[in-house]
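Undergrad: sequence first, then the predicted structure:
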Amino acid sequence: MEPPTSSIFLCAFTYGNVTAHTAFSLANEMREMDKRGITFESRNLHNDALISRSRSKALTDFLLGSRLDVCVMVDHDLEWEAGMLSALASKAHELQSCVAGIYACRGVGCGVATRVLTPTSFKGLEDKVIEAQYLATGFLAIPRVAAEEVLKIGLGKDESNQAIHPCKYSDGSLMYDFFRPISVPLVGSSSYEYLSEDYAFGWRCRAANPSRKLYAWTKPWLRHHGDYGFTVDQAYVERRG
């Protein structure tokens, strides 16, 4: 049974220059959503170098400036098959939990960007939903209820890691600091772990409602594009395969 179709607040973060792969993926996805009659609004955040602030502003605008079901965040260097973004949103709407597509870090043997609870080796053509500790935000769907919980609980805190503060964005508009980085204790250690904006938001989601799990979804088989500096000597290396 297909998950219920959701309305989508689509946020692309393109400060670092959007790749051609991402541009075509976005264009094809929006054509697919139009064809299927999916209600969506697109937002391009391109004028802010601080990604924690950009993501916070996007989620604030989703909550306060729209009545759409799911906020989907897409980074400037990912590629996917048309229909997978709207499928991700529908999966988050169905589960009423944050769901992220899994993608590799930009380096051979460096693992994936999302941290799942159980060590897993990922293969193509699978369709598995796996519980995660923290989610990467490059291809992330956030249902309205999860964002509302983080905001409601966070506004009731003072200066703890859960705290959410009303802030003034660069254009003078309101922004809540959902993605402010934090440091949290490492279990069984006297040390702390520094959580960047993506993992910090996941931590706040789990703290706001431990019963609302975070999920990684294997089905959107994503490609993560980056630069590679080829040298002249590599021009003569024998090609294999």
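TA: Sure, I can see it.
Undergrad: quick check: closest non-adjacent residue to Arg55.
TA: Nearest residue to Arg55, sequence neighbours excluded (CB to CB, 6 or more residues apart in numbering): Phe179, at 4.3 Å. (C-beta placed from N, C-alpha, C; glycine too.)
Undergrad: tell me who's in contact with the one you found.
TA: Each residue near Phe179 by CB atoms under 8 Å, 6 or more residues apart in numbering is listed here: 51-53, 55-56, 59, 137, 197-198, 200-201.
Undergrad: can you tell me the helix or strand for it?
TA: Using DSSP states H and E, Phe179 falls within no helix or strand.
Undergrad: just Leu10 next, same as before
TA: In this assignment (DSSP H and E), Leu10 forms part of strand 8-13.
Undergrad: and the helices in this protein?
TA: 20-36, 51-65, 84-95, 144-155, 197-208 (DSSP state H).
Undergrad: nearest to Val112, of the ones you listed?
TA: Set against Val112 and scored by CB to CB, the helices of the chain come closest in helix 197-208, at 12.6 Å.
Undergrad: do you know the pLDDT at Thr137?
TA: With respect to pLDDT, Thr137 has a value of 96.
Undergrad: low-scoring pLDDT stretches of this structure, where are they?
TA: Along the chain, the model assigns pLDDT under 70 to residues 1-4, 107-109, 124, 228-241.
Undergrad: quick check, central residue of the chain?
TA: Thr137 (2.2 Å; CA atoms, centre = their mean).
Undergrad: which non-adjacent residue is nearest that residue?
TA: In space, Thr137 is closest to Asp198, 4.0 Å off (CB to CB, 6+ apart).
Undergrad: could you report the neighbour count for that neighbour?
TA: A count of neighbours around Asp198, defined by other CB atoms under 10 Å, yields 24.
Undergrad: contacts only, for it.
TA: Per CB under 8 Å, 6+ apart, neighbours of Asp198: 55, 113, 134-137, 140, 179.
Undergrad: which of these fall in strands?
TA: Those of the contacts of Asp198 mapping onto strands are 134, 140, per DSSP state E.
Undergrad: buried subset of the contacts of Asp198, written for PyMOL?
TA: Here is the PyMOL command that selects only those of the contacts of Asp198 that count as buried (16 or more other CB atoms under 10 Å):
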select buried, resi 55+113+134+135+136+137+140+179
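Undergrad: can you add distance to Leu155 and give the contacts of Asp198 back as a markdown table?
TA: Shown next, in a markdown table, are the contacts of Asp198 (distance: CB to CB, whole Å):
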| residue | distance to Leu155 |
| --- | --- |
| Arg55 | 18 |
| Ala113 | 29 |
| Tyr134 | 23 |
| Leu135 | 22 |
| Ala136 | 26 |
| Thr137 | 22 |
| Leu140 | 22 |
| Phe179 | 16 |
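Undergrad: closest to Ser160 out of the contacts of Asp198?
TA: Among these, Phe179 lies closest to Ser160 (CB to CB), at 16.0 Å.
Undergrad: what about the closest one, distance to Lys157?
TA: To Lys157, Phe179 is 16 Å away according to CB to CB, to the nearest Å.
Undergrad: so Ala216 sits against Leu117, correct?
TA: No. Under the criterion of CB atoms under 8 Å, Ala216 is not in contact with Leu117, lying 9.5 Å apart.
Undergrad: what's the overlap in contacts for those two?
TA: Residues touching both Ala216 and Leu117 (CB under 8 Å, 6+ apart) are 130-132.
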